[in-house]
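>>> Show me how the following folds:
(chains A and B)
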2 protein chains.
Amino acid sequence: MPSEFELIGRYFGDRGPRRRDVVLGIGDDAALLDVPAGQQLVVTMDTLVAAVHFPVATAPRAIGHKALAVNLSDLAAMGATPAWFTLALTMPQADAAWLEAFSDGMFELAERYEMQLVGGDTTRGPLSITIEAHGLVPAGRAIRRSGARAGDRIYVTGTLGDAALGLRALTGECDLDVAERVLLVRRLEYPQPRIAAGIALRDVASAAIDVSDGLAADLGHILDASGVGARIELGRIPVVPSVAGYAGRSGDAGFALTGGDDYELCFTVPEERVALLASRLAGLDGGYHDIGVVEKATGLRCIASNGAGVALGQAGYRHF
Amino acid sequence: MPSEFELIGRYFGDRGPRRRDVVLGIGDDAALLDVPAGQQLVVTMDTLVAAVHFPVATAPRAIGHKALAVNLSDLAAMGATPAWFTLALTMPQADAAWLEAFSDGMFELAERYEMQLVGGDTTRGPLSITIEAHGLVPAGRAIRRSGARAGDRIYVTGTLGDAALGLRALTGECDLDVAERVLLVRRLEYPQPRIAAGIALRDVASAAIDVSDGLAADLGHILDASGVGARIELGRIPVVPSVAGYAGRSGDAGFALTGGDDYELCFTVPEERVALLASRLAGLDGGYHDIGVVEKATGLRCIASNGAGVALGQAGYRHF
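Coordinates of the predicted model:
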């Protein structure tokens, strides 16, 4: 039977893409990396804790995917191209079947974005995964949260609320038919980071953020950082029919704005670049939608189709 | 009473050195960093889990210090200059007194090395700290594990076994007088990364590693990576009198070679650069010691002063 050390080596030691800019990867005191001239380094770090960020029964393949995906989503929001990542994996014991599925989920995504695992740490303890993702962006072209100006249009990619409803289906808080449930749980467990959209938004978007804590909270971060406010229209928020149906039945009209775990991009674009946006995002899988406008007056106003204001109860998911 | 969010912001949001190469620090989706031309990026990540890597009763100030110090020690072993770090802090609840002491310990060390905290994540869960440290090294001048050659002399900085004996004192496995105990526990809880020595060893050392798992295990990593072996002399291993006394009383002659948590550097130097070494490390706090020689035959041989071989029982601390 292989030792725990050998298991770690087998599933993480020599897997995934090999990049030319990695001078020294896993196996020394630290990794040694070449950042090309003219590029800036973009770094982000996110932790997933069992029973806090995912149900304990989640498939290890999904945990591996999501742990990397949530970090890639942050790179996407900056307009960065993924490059390298490091993994801190804390687990109660080294189980071969678990490690195989977890690492498969993680490296499947790493392959897609040509990311190389260049280091990390495995420790014994309650299950928790911290990943740091490193990306590259041409100097001066990263998209920040702070660039939104009054008059800019506000957009989101894809649809919102899918993952939040998927979680409610998992916890038995709502009934869905099997096909809907499978789709929504897949959105919860296998979020697809919007890397291509983020890169396409360089020099187009005035500000961007990834929607992880719910649109209301995350758009709020853009508004705070930019010193502006916004008006969005509830009827323009892109939702799938099952989410629209749940919002109606439950009386929580703003459900799709507060659910969290969407990993779509929310971004703002000056009027004069709206045509450029259309050409840059033509053919984007899942599309993108104009949901409102940036205004001078601070605060986020959400308007229903009858013109009434919509109260956004819980202002997004907070990890603490 | 401040919210947990406000506490996190107060103790981590706007503290420590501000560096010119940080284009964007905490507060966006990711940090944005400038790597100077001609420098390579050095990254390392280490996790400390409560009750695994430190006793639950450890002072939070010491935990904050050590979580950063163990990462700096890896940068030191590469000959890197510290630059930035990110922090993933998972804790059961946000306690102001705990956060203040933890962050004080961490930033005290960050100040000393002009490191800026540029991002991270705080999550709820069992206490665990993951830090990624980023350093810089002139291109091509990082020190690796793989460069040791037969005939090279082997050195360690400082003294070994102090921290391991400090841990035994804490757990009641050995009796020490109060002054000795205080010193050794301090070595355990406040390891001092050998950054200056690491930088001084560029172009001098043929290989280097930091001693975290015990000299026998860590020197073993150099030997494995370099495809060589070594002979070291037990009588040349630098130890303080209390460690020498404990090794004698307990019958564990190799205690200082297997204890772990030393965070000294072990490195190899070709004969023709030994004089250069002396000038580079002149005045090094704690000094450095020649403990043996690299040989062609693989394996690590430890020789007692009577010429007999010393069996190294437990080959270093293993986290898994």
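
>>> Helices along the stretch 151-300 of chain A, start to end?
A:162-170, A:178-189, A:195-200, A:215-226, A:241-250, A:255-258, A:274-280 (DSSP state H, counting those that start in this stretch).

>>> Could you pull up the mean pLDDT of the last one?
Read that as helix A:274-280. Here helix A:274-280 scores 97 as its mean pLDDT.

>>> Show me what counts as buried in it.
For helix A:274-280, a neighbour-count test (16 or more other C-beta atoms under 10 Å in any protein chain shown) marks A:277, A:280 as buried. (Each C-beta comes from the backbone N, C-alpha and C, glycine too.)

>>> hey, C-alpha coordinates of that helix in CSV?
Taking Å, rounded to 0.1, in the frame of the first residue of the first chain, the C-alpha atoms of helix A:274-280 are listed here in CSV:
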residue,chain,number,x,y,z
VAL,A,274,-20.9,49.9,-26.0
ALA,A,275,-20.5,49.1,-29.8
LEU,A,276,-16.9,47.9,-29.1
LEU,A,277,-18.3,45.7,-26.3
ALA,A,278,-20.7,44.1,-28.7
SER,A,279,-17.9,43.1,-31.1
ARG,A,280,-15.6,41.9,-28.3
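
>>> neighbouring contacts of that helix?
A:153, A:155, A:200-201, A:204-205, A:269 (C-beta atoms under 8 Å, 6 or more residues apart in numbering or on different chains).

>>> now the helices of the stretch 151-300 of chain A as CSV including distance to residue B:58?
Converted to CSV, these look like this (distance: least, C-beta to C-beta, whole Å):
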stretch, distance to residue B:58
helix A:162-170, 36
helix A:178-189, 37
helix A:195-200, 41
helix A:215-226, 35
helix A:241-250, 47
helix A:255-258, 39
helix A:274-280, 52
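
>>> Looking at those helices, spot the one closest to residue B:308.
helix A:178-189 (59.6 Å; C-beta to C-beta).

>>> counting contacts, what elements does that closest one pack onto?
Identification of packing neighbours for helix A:178-189 by 3 or more C-beta pairs under 8 Å, 6 or more residues apart in numbering or on different chains; DSSP states H and E yields helix A:60-78, helix A:162-170.

>>> does any bit of the first one sit next to chain B?
Same thing as helix A:60-78. Yes: counting by C-beta under 8 Å from any C-beta of the partner chain, contacts between helix A:60-78 and chain B involve A:74-75, A:77-78.

>>> picking up where we left off before, any chance of the helices and strands packed on helix A:178-189 in JSON lines, plus mean neighbour count and mean pLDDT?
Below are these laid out as JSON lines (neighbours: other C-beta atoms under 10 Å in any protein chain shown; pLDDT from 0 to 100):
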{"stretch": "helix A:60-78", "mean neighbour count": "26", "mean pLDDT": "98"}
{"stretch": "helix A:162-170", "mean neighbour count": "23", "mean pLDDT": "95"}
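
>>> ok so, going back, need the contacts of helix A:274-280 in JSON lines with neighbour count and distance to chain B, can you?
JSON lines is the format used below for the contacts of helix A:274-280 (neighbours: other C-beta atoms under 10 Å in any protein chain shown; distance: C-beta to the nearest C-beta, whole Å):
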{"residue": "A:153", "neighbour count": "18", "distance to chain B": "20"}
{"residue": "A:155", "neighbour count": "25", "distance to chain B": "16"}
{"residue": "A:200", "neighbour count": "18", "distance to chain B": "16"}
{"residue": "A:201", "neighbour count": "28", "distance to chain B": "13"}
{"residue": "A:204", "neighbour count": "20", "distance to chain B": "17"}
{"residue": "A:205", "neighbour count": "27", "distance to chain B": "12"}
{"residue": "A:269", "neighbour count": "25", "distance to chain B": "17"}
